[in-house]
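**Q** I would like the atomic coordinates for the input below:
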Amino acid sequence: MRTGIVAIGRNEGERLKRCLRSVPPGCPAVYVDSGSTDGSIEFARGQGITVERLSTQHGFTAARARNAGWRCLLAEHPALEFIQFVDGDCELDARWIVRGEAALDAERGLCAVFGRRRERSPAASIYNRLCDDEWDVPVGLVEACGGGVLFRAAAIVEAGGYSDDLIAGEEPDLCLRLGRQGWKIRRIDAEMTLHDADIHRARQWWLRARRAGYAFAEHVARHGADAFPDWRHQRNSILFWGGVIPALIAVLALAALLPALRRAALLTYLLIALYPVQVARIAWKKWRSGASLRFALAYGWWIVLGKFAQFGGVVRYHVKRWRGGPLRLIEYKGREREA
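**A** Numbers count the residues shown, from 1 in each chain. Presented below is the predicted three-dimensional model:
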């Protein structure tokens, strides 16, 4: 086999079982566990898969887990050409590895390729449907990938792997560094994984959006002017819609309580009106792209509402940067756990 598999997980339960069962027969695989208590380790070993247990010394992060996985995999199988990373809540498509290898063989300048990630149950909730839409990245050369990706082993070694201290956004960070070294990444037209977000409550979506805000803030703070332009734009959008406008609304609302400044109330209403206008604008663009009107409206609503959750993530990052202290994962499938 030319490709080895690195799967990571933390209390994924049945999702992990489906993930490990999707590993192609005869393909070397390592499962890296981050403190699971649901029998994940025992199941993986029962499948004949090498298990690497992540220590608690430096906190659990997906970046640490993936690094531990690829290093263990290459130590056992140094001749491997490619490494497929897969999260424990995803299943690999049976045809993906062959198609991914062919794409990397065809372009020697590619360090990585990835395909279509789909949600297992997009109709189960609007949140799952939003995730499925998010995964639909346009085919072609891209700046960055997600957690599920087929990497050229030499590129991973050259870059030194992921940054261990990132609790989110570790993939764009690695892709940015690889891009500086001349490598490229391509999304190809092929099915890759089936993902199980399993989001059924607004609080889960809120936590997921908060984690995204944290990632945007840290990426821009870490790389400055070299950060991906889209990530700088997203960070600025979060600050504007989630921080600046609400602050102005609060100030004007207080000012309107004073008899001499009652006209400030009109400005307050105008600023508040920006939000439904923004929802409508985003929904219009989504509908024009082919989405149903119902989904387009839901999409616009949750994108705008998500700015507030993301702003919380931005604030959390900067507070953490100022105060220091242990890493804390932002987990949307369960309560937050200190790492």
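**Q** drop to CA atoms for contacts and neighbour counts, all remaining ones
**A** Fine.
**Q** tell me the mean pLDDT for stretch 324-339?
**A** Stretch 324-339 carries an average pLDDT of 58.
**Q** Does residue 138 touch residue 145 like I think?
**A** No: at 11.6 Å, residue 138 does not count as touching residue 145 under the criterion of Cα atoms under 8 Å.
**Q** What residues of the strand ranked longest in the chain count as buried?
**A** Longest strand of the chain, by residue count under DSSP state E: strand 184-195. Within strand 184-195, the residues that count as buried by 16 or more other Cα atoms under 10 Å are 184-188, 190-195.
**Q** so where do the strands sit in the stretch 51-200 of the chain?
**A** Using DSSP state E, counting those that start in this stretch, the strands of the stretch 51-200 of the chain run over 82-87, 90-92, 110-119, 140-142, 149-152, 184-195.
**Q** who wins for proximity to residue 267 among the ones you listed?
**A** strand 140-142 (41.3 Å; Cα to Cα).
**Q** So between residue 138 and residue 145, which is more surrounded?
**A** Using other Cα atoms under 10 Å, the more surrounded residue of residue 138 and residue 145 is residue 145, with 21 against 13.
**Q** which residues does the more buried one contact?
**A** Residue 145 sits next to 114, 171-172, 175, 185 when contact means Cα atoms under 8 Å, 6 or more residues apart in numbering.
**Q** Try it again at 7 Å.
**A** Residue 145 is in contact with 171-172, counting by Cα atoms under 7 Å, 6 or more residues apart in numbering.
**Q** what about it, distance to residue 248?
**A** Applying Cα to Cα, to the nearest Å, the value for residue 145 to residue 248 is 36 Å.
**Q** ok so, going back, which residues touch the longest strand of the chain?
**A** 89-93, 96, 109-120, 139-144.
**Q** ditto for stretch 301-309
**A** 206, 209-210, 238, 241-242, 279.
**Q** Mind doing that once more with 6 Å?
**A** 206, 209-210, 238, 242, 279 (Cα atoms under 6 Å, 6 or more residues apart in numbering).
**Q** Could you list the buried residues of that stretch?
**A** Within stretch 301-309, the residues that qualify as buried are 301-309, counting by 16+ other Cα under 10 Å.
**Q** related to what we said a few turns ago, hmm, which of the contacts of strand 184-195 are the buried ones?
**A** Members of these classed as buried by 16+ other Cα under 10 Å are 89-93, 96, 110-120, 144.
**Q** Helices of the stretch 151-300 of the chain, residue ranges please.
**A** Applying DSSP state H, counting those that start in this stretch to the stretch 151-300 of the chain gives helices spanning 153-159, 170-180, 202-223, 229-239, 245-255, 264-288, 293-323.
**Q** Out of the strands of the stretch 51-200 of the chain, flag the one nearest residue 227.
**A** The minimum distance between residue 227 and these falls on strand 140-142, with 14.5 Å, by Cα to Cα.
**Q** for residue 60, phi and psi?
**A** Per-residue torsions, residue 60: phi -80, psi 130 (degrees, to the nearest 10).
**Q** Got the domain ranges for this structure?
**A** Per automatic domain parsing, the structural domains of the chain span 3-200, 223-323.
**Q** Centre of the chain to the longest one, how far?
**A** It refers to domain 3-200. In this view, domain 3-200 has its centroid 11 Å away from the chain centroid, taken as Cα atoms, centre = their mean, to the nearest Å.
**Q** could you dump the strands of the stretch 51-200 of the chain to a markdown table with mean pLDDT and distance to residue 254?
**A** Formatted as a markdown table, the strands of the stretch 51-200 of the chain follow (pLDDT from 0 to 100; distance: least, Cα to Cα, whole Å):
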| stretch | mean pLDDT | distance to residue 254 |
| --- | --- | --- |
| strand 82-87 | 97 | 48 |
| strand 90-92 | 96 | 49 |
| strand 110-119 | 97 | 45 |
| strand 140-142 | 97 | 46 |
| strand 149-152 | 98 | 50 |
| strand 184-195 | 97 | 46 |
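**Q** Redo the ones you listed as CSV? Include distance to residue 286.
**A** Shown next, in CSV, are the strands of the stretch 51-200 of the chain (distance: least, Cα to Cα, whole Å):
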stretch, distance to residue 286
strand 82-87, 29
strand 90-92, 27
strand 110-119, 19
strand 140-142, 21
strand 149-152, 27
strand 184-195, 22
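**Q** And residue 95, how close does it get to residue 155?
**A** 23 Å.
**Q** Look at the two and report which has more neighbours.
**A** Neighbour count, other Cα under 10 Å: between residue 95 and residue 155, residue 155 has more, with 18 against 12.
**Q** contacting residues for that one?
**A** For residue 155, the contact set (Cα under 6 Å, 6+ apart) comprises residue 111.
**Q** Am I right that residue 35 is in a helix?
**A** No: counting by DSSP: H, G, I helix; E, B strand; the rest coil, residue 35 is not part of a helix but coil.
**Q** what sits against the closest residue to it other than its chain neighbours?
**A** Nearest-residue entry for residue 35: residue 10, 6.3 Å, with adjacent residues in sequence omitted and distances by Cα to Cα, 6 or more residues apart in numbering. Counting by Cα under 6 Å, 6+ apart, residue 10 touches 33-34, 36.
**Q** Next one: residue 10 from residue 156, what distance?
**A** Distance from residue 10 to residue 156, by Cα to Cα: 23 Å.
**Q** likewise residue 212?
**A** 24 Å.
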